[in-house]
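Asks: I'd like to go over a predicted model; first the sequence, then the structure.
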Amino acid sequence: MSENHEGAAQRVIKKYPNRRLYDTDTSSYITLAEVKQLVMDNEAVVIKDAKTGEDLTRSILLQIILEEEAGGAPMFSEAMLANIIRFYGHAMQGFMGSYIEKNVQMFTDFQNKLAENSHSVSPEAWKQFMGMQPAAMQAMMGSYMEKSQNMFTQMQEQMQKQTEQMLGVFGIKR
């Protein structure tokens, strides 16, 4: 195991030229599906080229996403993928990546909170909750949507400030 930038232990997977993945923790070869399971189990993994030491984690995670998308129930529509592609090279690329990342994290936190609460609820209380689900979900999603909207507003304000600074450098006043 190695450590990531936050000091947490990471599971090191080495990728060999024959495209095989070797888990240094278990001293055995693993499949892409097993790497996916490690991610699903919230294991911190880093995938490195066995020969060069180059970090391949992003490309392997993208490969897992590609396989999932090609499978039965894709998460991303063609329109969404096209819009994501359009942000590459755009001035908003960095902001969009950060915005999506923060939204996914907020949604994950929301989902975890919902899961935590469902384990401590009696079957009868769960039945009542499910009976009023639309109202309860609206209330919970309202908080998520408000945070998302606030984050978007902050992103817009930051872009406005950067644009004004950039224009100021060129001597252009608004």
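Replies: Right, received. Where do you want to start? Residues are numbered from 1 along each chain as shown.

Asks: Mind splitting this structure into its structural domains?
Replies: With domains defined by the TED database, the chain comprises 9-80, 117-164.

Asks: what distance separates the start and the end of the longest one?
Replies: Which is domain 9-80. Start-to-end span of domain 9-80 (C-alpha to C-alpha, to the nearest Å) is 34 Å.

Asks: I'd like the mean pLDDT over it, please.
Replies: Averaged across domain 9-80, pLDDT comes to 93.

Asks: And for stretch 110-126?
Replies: 68.

Asks: Ok, which of the domains of the chain comes nearest F95?
Replies: Each of the domains of the chain has some distance to F95 by C-beta to C-beta; the shortest is domain 117-164, at 5.0 Å. The way it works is simple: take the backbone N, C-alpha and C, and place the C-beta from them, glycine included.

Asks: picking that back up, any chance of the domains of the chain in CSV, plus distance to D109 and mean neighbour count?
Replies: Formatted as CSV, the domains of the chain follow (distance: least, C-beta to C-beta, whole Å; neighbours: other C-beta atoms under 10 Å):
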stretch, distance to D109, mean neighbour count
domain 9-80, 13, 13
domain 117-164, 9, 11
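
Asks: export these to JSON lines and tack on distance to N103?
Replies: JSON lines is the format used below for the domains of the chain (distance: least, C-beta to C-beta, whole Å):
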{"stretch": "domain 9-80", "distance to N103": "13"}
{"stretch": "domain 117-164", "distance to N103": "6"}
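
Asks: so which of the ones you listed comes closest to G97?
Replies: domain 117-164 (11.0 Å).

Asks: between the domains of the chain, which one is nearest to G94?
Replies: Comparing the domains of the chain by C-beta to C-beta, domain 117-164 comes nearest, at 10.0 Å.

Asks: can you give me the helices for the chain?
Replies: For the chain, the helices defined by DSSP state H cover 32-40, 57-70, 78-87, 93-119, 123-131, 133-169.

Asks: Just the C-alpha atoms of the second one, please, in PDB.
Replies: What follows is helix 57-70 as a C-alpha-only set of coordinates in PDB (Å, rounded to 0.1, in the frame of the first residue of the first chain):
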ATOM      1  CA  THR A  57      -5.900   5.400 -12.400                       C
ATOM      2  CA  ARG A  58      -8.000   7.900 -14.400                       C
ATOM      3  CA  SER A  59      -7.800   5.900 -17.700                       C
ATOM      4  CA  ILE A  60      -8.800   2.700 -15.900                       C
ATOM      5  CA  LEU A  61     -11.700   4.400 -14.100                       C
ATOM      6  CA  LEU A  62     -12.800   5.800 -17.400                       C
ATOM      7  CA  GLN A  63     -12.600   2.300 -18.900                       C
ATOM      8  CA  ILE A  64     -14.800   1.000 -16.100                       C
ATOM      9  CA  ILE A  65     -17.300   3.800 -16.800                       C
ATOM     10  CA  LEU A  66     -17.200   3.100 -20.500                       C
ATOM     11  CA  GLU A  67     -18.000  -0.600 -19.900                       C
ATOM     12  CA  GLU A  68     -20.900   0.400 -17.600                       C
ATOM     13  CA  GLU A  69     -22.300   2.800 -20.100                       C
ATOM     14  CA  ALA A  70     -22.100   0.200 -22.900                       C
END
